[in-house]
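# Predicted structure and sequence below. I'll ask about it afterward.
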Amino acid sequence: MSPYETVLERLEEAGLEGQATYTGGYTFQCPAHEDNRASLSVAEGDDGRALVYCFAGCKTEEVIKALGLTWAELFNGSDRVPIKYYVYHDWVGEPLIRVTRFEPKGFTQHRWEDGKWVAGLNGVSRVPYRLPFLIESDGTIYITEGERDADTLAALGYTATTFLGGAGKWRDEYAQWFKDRDVVVCADKDDPGREGAARIARALGSTVSDV
């Protein structure tokens, strides 16, 4: 039995019924807290590992403890653990790209193709992160270095975005989404961060209202 199948079996044994998602996995009520919103996402990684994430904030170790499982049973003995998924959507809200963050720190990228996530980004249009929110808003846009910082600002009520790859990976094609907007570029506090932010500011100078 694969780690993914093991997790599904334990959830079913706990009396929890899953709902299939468009990403090919399932959502469940999380066994680690009183959950009325099916906050737990369970999916299968490319290497057969179980990808477990509670959107209500439970740590993965809390979830697997509630299911009576160990890390090894989830990840086939791998020392890299997926801890967060960041999904990029197009201008109408359809999924395009998924970035998976691991601990120890590392990232993988997948494209949405024929109803499933496929490794690599061949042929995929590159867009800013949280693009539908940028389009819907009319206030200042904050550009960060990384999805985690963008999500943090968004949780605080700001319109925030980023782009694939971090410092130095800005693409000129992103500029179209910031036309005539006020933009704040948030630099990481290191030389690559400051240099990357300055590059973005120069690239947007003739497109935005203010940067």
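Perfect, I can see it now. Numbering: from 1, shown residues only.
# what packs against the longest helix belonging to the chain?
Ranked by residue count, the top helix of the chain under DSSP state H comes out as helix 191-204. The contact analysis (3 or more CB pairs under 8 Å, 6 or more residues apart in numbering; DSSP states H and E) places helix 191-204 against strand 183-185. Bear in mind the C-beta positions are built from the backbone N, C-alpha and C, glycine included.
# mind listing what's buried in the longest helix of the chain?
Of all the residues in helix 191-204, those buried under the rule 16 or more other CB atoms under 10 Å are 193, 196-197, 200-201, 203-204.
# Averaged pLDDT, that helix. What do you get?
For helix 191-204, mean pLDDT rounds to 93.
# and if you look at stretch 14-27?
Stretch 14-27 comes out with an average pLDDT of 84.
# Does anything pack onto the helix or strand of the chain with the lowest mean pLDDT? Which helices or strands?
For the chain, counting by mean pLDDT, DSSP states H and E, helix 71-75 ranks last in confidence among helices and strands (a mean of 76). Packed against helix 71-75 by the contact rule (3+ CB pairs under 8 Å, 6+ apart) you find helix 3-13, strand 50-54, helix 60-66.
# In the record's domain split, what are the boundaries for the chain?
If you go by automatic domain parsing, the domain ranges for the chain are 3-79, 84-119, 131-204.
# can the ones you listed go into JSON lines with extra columns for distance to D210?
Converted to JSON lines, the domains of the chain look like this (distance: least, CB to CB, whole Å):
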{"stretch": "domain 3-79", "distance to D210": "35"}
{"stretch": "domain 84-119", "distance to D210": "23"}
{"stretch": "domain 131-204", "distance to D210": "5"}
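# Which residue lies nearest the spatial centre of this protein?
The centre of the chain sits closest to Y86, judged by CA atoms, centre = their mean, with a distance of 0.7 Å.
# If anything else comes up later, I'll come back, but that's it for now.
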